[in-house]
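Peer 1: with the input below, show me the fold.
(2 chains)
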Amino acid sequence: MNDNLHTHITTIVAEVLNIELPSLDNQLRSQIPSWDSLKHIELILRLEEQFQVRFSSREVAEIQSTDDLVQIIEVKS
Amino acid sequence: MSNVLTHLNSVHRLLSSLPTREQITSSTTRSINRMYKIRVDRTMPFELIGNLMPPFCGLWEADVQFDYSDYDASLSRLGGDHQADAYIIWLDWRIYRQSMAMEDAVHWLVGRIQQLREATTAPIWVNNWPESLEPGDTLFGLRVNVRGKIRRFNEYLSEHIEPMVGCELLDLAGIAYDEIGVIYDRRNDEISSYPFSDSITIRLARHLGTQLLPASFLPRIKAIVLDLDDTIYRGILAEDGWKSLNLTKGHYELQKLLLRLKHSGIMLTICSRNEEQDVKVLFERRDDFPLQWSDFALICANWQSKADNVRQLTQQLNIDSAAILFIDDNPVELLKMAEVMPMVKLLHAEVNGMDTMIKISHYPGLYQIRPDHEAAIRTADIQANQIRNSLKEKSSEDGTYLASLQMIVTIHVNQISHAGRLFDLSRKTNQFNLALRRMTEIESHNVMNKEQYVTLTVRLSDIVSDSGIIGALVCRLDGRNARLIETIFSCRALGRDIESVSFACLLEKLSLCGIEQISIDVKDGPRNAPAIDWLRRYVKDVPKNIPLKGLLNNVRTVCMQHPSKVVVIE
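Peer 2: Below you'll find the model as predicted:
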């Protein structure tokens, strides 16, 4: 997995969710209370803008962690 | 000065082209000195818009706090605790379309808004619906496409919402019309029932944050001070000559926009390092310029510092420096202005006139919600002040200046058709505003009720011009007591003691109503010393429970010498 990409994405996740992530390790959506469905959309929109990619409805629904985000963006970009 | 540069940079990032989410969220906001609470009653998410609004509001030193309802198509808790500064009714109209005729939905909503109105005088905003949602929609005519139905629905909604005082449409259809890209995002809709694309979301946040909110809560900017060279055309007048100046397409559009702003009531002025004669020739000869010499209320073309010129402009226009937007292509001039006159608002003109035009069109404090019926006469009245000043100089020795003006003061009593003008005066007036009571539209209508109020609106005309309605006194009645809750006069009319003439008329009227005592609301503000000083001429002590008879005699004595003709229209 691309470390730079991972760092970049994690930084954006922290910024959009307005939280400090304890580490760059994989963060699960279920363990971050502020990562609700609306914040999820906001995050997706921010990442799409940043990496010039487009997530499908299915992908958006399947993303449950920062690792999921990194994997999908890595493939798309 | 770094904070000025940071602010100019934020203005550039947020107002030029459509900003990205990254640009919005990374914008540095100035210190916040106003917080507005907005209640959102909704059937679809608003957070995606609301979360983007603070940086836009930060441009005018404001912030917003939202109180969201549950998703509730019946709007059963409309307005929540009714403590908000503004209310948004944010509806996915598709839900209603499925279950009822759209006309019925509008009538139902109007009824709900009327109920909310009983609990608040704050602004209420209701969204309409974008006509074209799907890419390719325009391939199908209005009769075979849902667009036709939506267009008719929007017209019907508009017909019913716009006449409601204090109610505005949150014009999704208009914002979508500006959008070149995709309006509808099926994926967002599937995941969160939020049907709009990211670009429409950003446009909406910007519209609310820089246009609708400041238009509802702040006095509108009164004057734009324009540099000339490389600002409203490409080129340098003194070097290139008037013939060679390039009116690019962008600068043409910029001048057209400035002209529209003038027609909407904002005064245009020039502050340029040029010879005045050269500037005059420029506007005389360049008939391709949409702006002409006569469009400017004042022109300062000289080699003084621009801050000195702007200070002089504020004195001649009789307006506060905070009501001025200064536009210049030279950042050094902007920084110098900020240093000497920190309240003046600043905008950096771009090389491309179109970019400047786009920035102006989103600049907080310029958006206009309702027509300003006095707009057409404002610039002419300011220009007439120059004639008045020369009359004043000529008659300074024999004291006949006021008489030479042949003033006619027309005082209207509880004239409901003047409620809109009262609202404007209440929002815009800073220097002669005794109680600083920024009325809502609904309040300005309520005070025209004859049972509870004596409200005078004052029109002034003289030998030089018709100044329009330039002042108002709003007095609440309570048995044998009255309370003057607001006294406001436009800065254009100051210096002729029309306020005392109007005050005398009010006291006469109250006396006839059997009023025995009057209290006067006064609030110290940063700029309303002229109003407070005026009151002290008649009331030395705390203005509470003043015997009306004595006060009337006092004011009447002063006004007996006033040469105006007073006409009262009941």
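
Peer 1: least confident secondary structure element in the chain?
Peer 2: Let's take chain A. helix A:3-17 (a mean of 90; mean pLDDT, DSSP states H and E).

Peer 1: that's the other chain; I wanted chain B
Peer 2: Going by mean pLDDT, DSSP H and E, chain B bottoms out at helix B:375-394, a mean of 80.

Peer 1: so which residues make contact with that helix?
Peer 2: Contact with helix B:375-394 is made by B:262-265, B:267-268, B:294-298, B:316-318, B:401, B:404-405, B:462, B:464-468, B:492, as judged by C-beta atoms under 8 Å, 6 or more residues apart in numbering or on different chains. Quick note: C-beta positions are derived from backbone N, CA and C, even for glycine.

Peer 1: packing partners for the least confident helix or strand of chain A?
Peer 2: Judged by 3 or more C-beta pairs under 8 Å, 6 or more residues apart in numbering or on different chains; DSSP states H and E, the packing partners of helix A:3-17 are helix A:37-51, helix A:66-76.

Peer 1: which of those is buried the deepest?
Peer 2: helix A:37-51 (a mean of 19; mean count of other C-beta atoms under 10 Å in any protein chain shown).

Peer 1: next one: that helix to chain centre, how far?
Peer 2: How far helix A:37-51 lies from its chain's middle: 8 Å, per C-alpha atoms, centre = their mean, to the nearest Å.

Peer 1: can you name the element that comes right after it?
Peer 2: As assigned by DSSP states H and E, the chain's next helix or strand after helix A:37-51 is helix A:57-62.

Peer 1: for the stretch 251-400 of chain B, what spans make up the strands?
Peer 2: B:267-272, B:296-301, B:324-328, B:345-348 (DSSP state E, counting those that start in this stretch).

Peer 1: each with direction, which strands does the third one pair with?
Peer 2: Each strand that strand B:324-328 pairs with, and the sense of that pairing, follows from DSSP bridges: strand B:223-226 (parallel), strand B:345-348 (parallel).

Peer 1: now tabulate those strands in a markdown table and tack on mean neighbour count.
Peer 2: Output for the strands paired with strand B:324-328, formatted as a markdown table (neighbours: other C-beta atoms under 10 Å in any protein chain shown):
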| stretch | mean neighbour count |
| --- | --- |
| strand B:223-226 | 24 |
| strand B:345-348 | 21 |
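
Peer 1: can you redo the ones you listed as CSV with mean pLDDT?
Peer 2: Shown next, in CSV, are the strands paired with strand B:324-328 (pLDDT from 0 to 100):
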stretch, mean pLDDT
strand B:223-226, 97
strand B:345-348, 97
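
Peer 1: B:F140 is nearest to which of those strands?
Peer 2: B:F140 lies closest to strand B:345-348 among these, at 42.1 Å (C-beta to C-beta).

Peer 1: tell me the contacts of the residue lying closest to B:N9 once chain neighbours are set aside?
Peer 2: Of all residues not flanking B:N9 in the chain, B:T28 sits nearest, at 8.0 Å (C-beta to C-beta, 6 or more residues apart in numbering or on different chains). For B:T28, the contact set (C-beta under 8 Å, 6+ apart) comprises B:T6, B:N9, B:S10.

Peer 1: now do B:Y156
Peer 2: By C-beta under 8 Å, 6+ apart, B:Y156 lies in contact with B:M102, B:E103, B:V106.

Peer 1: okay, the first one: pLDDT?
Peer 2: Think B:M102. pLDDT, B:M102: 90.

Peer 1: pLDDT score assigned to B:L133?
Peer 2: For B:L133, pLDDT reads 61.

Peer 1: backbone torsions only: list them for B:R476.
Peer 2: As for B:R476, its main-chain torsions (degrees, to the nearest 10) stand at phi -90, psi 140.

Peer 1: so it makes contact with B:R483?
Peer 2: Yes - under the criterion of C-beta atoms under 8 Å, B:R476 makes contact with B:R483 at 4.7 Å.

Peer 1: follow-up on the earlier one: and the residue nearest to B:N9, that's in a helix?
Peer 2: No - under DSSP: H, G, I helix; E, B strand; the rest coil, B:T28 falls outside any helix and is assigned coil.

Peer 1: which residues of chain B lie near chain A?
Peer 2: B:20-22, B:25, B:45, B:47-48, B:51, B:186-188, B:190-192, B:194, B:198, B:201 (C-beta under 8 Å from any C-beta of the partner chain).

Peer 1: ok, of those residues, which come out buried?
Peer 2: Buried residues within these, counting neighbours by 16 or more other C-beta atoms under 10 Å in any protein chain shown: B:20-21, B:25, B:45, B:47-48, B:51, B:187-188, B:191-192, B:194, B:198, B:201.

Peer 1: Serialize these to TSV and add fields for pLDDT.
Peer 2: Formatted as TSV, these follow (pLDDT from 0 to 100):
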residue	pLDDT
B:T20	95
B:R21	95
B:T25	90
B:P45	96
B:E47	96
B:L48	95
B:N51	95
B:R187	90
B:N188	91
B:I191	89
B:S192	90
B:Y194	94
B:D198	93
B:T201	95
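
Peer 1: show me the residues you listed that map onto helices.
Peer 2: B:R21, B:T25, B:E47, B:L48, B:R187, B:N188, B:I191, B:S192, B:D198, B:T201 (DSSP state H).

Peer 1: now, which of those sits nearest B:L507?
Peer 2: Ranked by distance to B:L507 (C-beta to C-beta), these are led by B:E47 at 53.2 Å.

Peer 1: ok, that closest one touching B:M53?
Peer 2: No - with contact defined as C-beta under 8 Å, B:E47 does not count as touching B:M53 (10.4 Å).

Peer 1: show me what the nearest residue to B:L8 once chain neighbours are set aside is bridged to.
Peer 2: Counting by C-beta to C-beta, 6+ apart, B:H348 is the residue found nearest to B:L8 once chain neighbours are left out, at 5.3 Å. Counting by DSSP bridges, B:H348 is bridged to B:D328.

Peer 1: near chain B, which residues of chain A are found?
Peer 2: A:15-16, A:37-38, A:40-42, A:45-46, A:48-50, A:55-57, A:60-61.

Peer 1: span of stretch B:26-45 from start to end?
Peer 2: Its first and final residues considered, stretch B:26-45 spans 23 Å by C-alpha to C-alpha, to the nearest Å.

Peer 1: in it, what counts as buried?
Peer 2: So for stretch B:26-45, counting by 16+ other C-beta under 10 Å, buried means B:S27, B:T29, B:Y36, B:I38, B:R39, B:V40, B:D41, B:R42, B:T43, B:M44, B:P45.

Peer 1: just name the lowest-scoring one in those, pLDDT-wise.
Peer 2: Per-residue pLDDT puts B:T29 lowest of these, at 73.

Peer 1: tell me where the model's unsure across the chain.
Peer 2: Assuming you mean chain A. Along chain A, the parts satisfying pLDDT under 70 run over A:1, A:22.

Peer 1: oops, wrong one, chain B.
Peer 2: Along chain B, the model assigns pLDDT under 70 to residues B:1, B:133-134, B:179-181, B:396-399.

Peer 1: filter the contacts of helix B:375-394 down to the buried ones.
Peer 2: Buried among these (16+ other C-beta under 10 Å): B:262, B:264-265, B:267-268, B:295-298, B:316-318, B:401, B:404-405, B:462, B:464-465, B:467-468, B:492.
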